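Undergrad: Whatever this is, show me its structure:
(2 chains)
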Number of protein chains: 2
Amino acid sequence: MKKLEERILKDGILIEDRILKVDSFINYQIDVKLTNEMGREFARIFRECGATKVLTVETSGLPLAYAVARHLGDLPLLFAKKNKPNTNIDEDYCAEVRSFTKETINLIRVPKKYLNAGEKVLIIDDFLASGAASLGLLDLIEQAGASCVGVGVAVEKEFQGGRALLEAKGLRVVSLAHITKMKDGKIEFHYTE
Amino acid sequence: MKKLEERILKDGILIEDRILKVDSFINYQIDVKLTNEMGREFARIFRECGATKVLTVETSGLPLAYAVARHLGDLPLLFAKKNKPNTNIDEDYCAEVRSFTKETINLIRVPKKYLNAGEKVLIIDDFLASGAASLGLLDLIEQAGASCVGVGVAVEKEFQGGRALLEAKGLRVVSLAHITKMKDGKIEFHYTE
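TA: Numbers count the residues shown, from 1 in each chain, chains lettered A, B, ... in the order given. Modelled structure (predicted):
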């Protein structure tokens, strides 16, 4: 998505060729117009996938996931939380997620009653790097006996391996800004259009 | 907002007359259509307040805050994070927030560069109970030299005192479901329409 790529080049901040900060329009302050356009674009791309629910993980993927759900005809939106499981662990599906930027391991969870066998779940997130978050969400989906019909992310850092892991599981992965390289302060995209 | 009140009566779960769980349509799984309608209603109510930015705190207020910002003409949306401040504390505004349900104290923060003197900020959140979250957000706004033009929440539990505290600071407080009493498993609303 050209508009997102241009915005990343304009406002993204690259730290040590490893971390890309997009705080000013995705991660902290949200450009609502751009988010809505990204939601519309994902709805166009995933229109035929038969999704019955959109799933994300807190926090910064939530506005985009909402926009996608809205453009797919107001699908239910579910988000996994990162808190430790409560005492009623039997009521939640839980999965482990390793954070790339913070170097910690989080548990993510959703209540079992909101993820059911047979559902077709579209995963939406702001970033795809190592793929850990999406794999954790996929784990929750599989525990429920539901299926994942695709993974859509705003910004992908392909060289961190997430896409390869997800595609190896047979998943369709779509990113709106597909970064192939971050080197010497420069960002290179795999242009799809 | 009649539709929200009816939904609370239908799907809300009251625990010990103190905690109202709305996990199935606001806090965990999000009813996107209802959220969009709430966003439109807040935009109608706050249309003339001159807001230049919408502010919320992670996590579950984010979809509603996004919907409000969208209906107010794609205003920038900023959310405060609950993490501990990073080492660059000079770059963030920080405030303390006491959680009513979890009985903990969190620090919330926003980067200084996203909240500027002179801005007119509309606070949006899913719940108003003790008012702690809104007061924390107000603290951030005041540190920045900006002003708060209103507080909009989906669900208010008036008897927990938040409205009184906020109104004492001269703030306009609007809730779409204004609960005056939760007793013996029954919920009573202050109907505004």
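Undergrad: Would you work out how far apart the start and end of stretch A:126-137 are?
TA: Length of stretch A:126-137, first residue to last, Cα to Cα, to the nearest Å: 14 Å.
Undergrad: Oh, that last question was meant for stretch A:67-76, not what I typed.
TA: With Cα to Cα as the measure, stretch A:67-76 spans 11 Å from end to end.
Undergrad: is chain B contacted by that stretch?
TA: Yes - Stretch A:67-76 is in contact with chain B by Cβ under 8 Å from any Cβ of the partner chain, via A:67, A:69-70, A:74-76. C-beta here means a position set from N, CA and C on the backbone, and glycine is covered the same way.
Undergrad: Got a quick ChimeraX command for the buried subset of those residues?
TA: Only the buried entries of the residues of stretch A:67-76 next to chain B go into this ChimeraX selection, using 16 or more other Cβ atoms under 10 Å in any protein chain shown:
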select /A:67,69,70,75,76
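Undergrad: Can you tell me the SS state at A:Ile124?
TA: strand (DSSP: H, G, I helix; E, B strand; the rest coil).
Undergrad: For the strand or helix carrying A:Lys33, what does the pLDDT average out to?
TA: Using DSSP states H and E, A:Lys33 sits in helix A:32-45. Mean pLDDT, helix A:32-45: 98.
Undergrad: Helix or strand next in line after that helix, which one?
TA: Moving toward the C-terminus from helix A:32-45, the next helix or strand (DSSP H and E) is strand A:53-57.
Undergrad: May I see the buried residues of the helix holding A:Lys33?
TA: A:32-39, A:41-43, A:45.
Undergrad: Repeat that for stretch A:174-187.
TA: Buried residues in stretch A:174-187, counted by 16+ other Cβ under 10 Å: A:174-179, A:182, A:187.
Undergrad: re earlier: adding pLDDT and secondary structure as columns, could you present the residues of stretch A:67-76 next to chain B in JSON lines?
TA: Rendered in JSON lines, the data for those read as follows (pLDDT from 0 to 100; DSSP: H, G, I helix; E, B strand; the rest coil):
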{"residue": "A:Ala67", "pLDDT": "98", "secondary structure": "helix"}
{"residue": "A:Ala69", "pLDDT": "98", "secondary structure": "helix"}
{"residue": "A:Arg70", "pLDDT": "98", "secondary structure": "helix"}
{"residue": "A:Asp74", "pLDDT": "98", "secondary structure": "coil"}
{"residue": "A:Leu75", "pLDDT": "98", "secondary structure": "coil"}
{"residue": "A:Pro76", "pLDDT": "98", "secondary structure": "coil"}
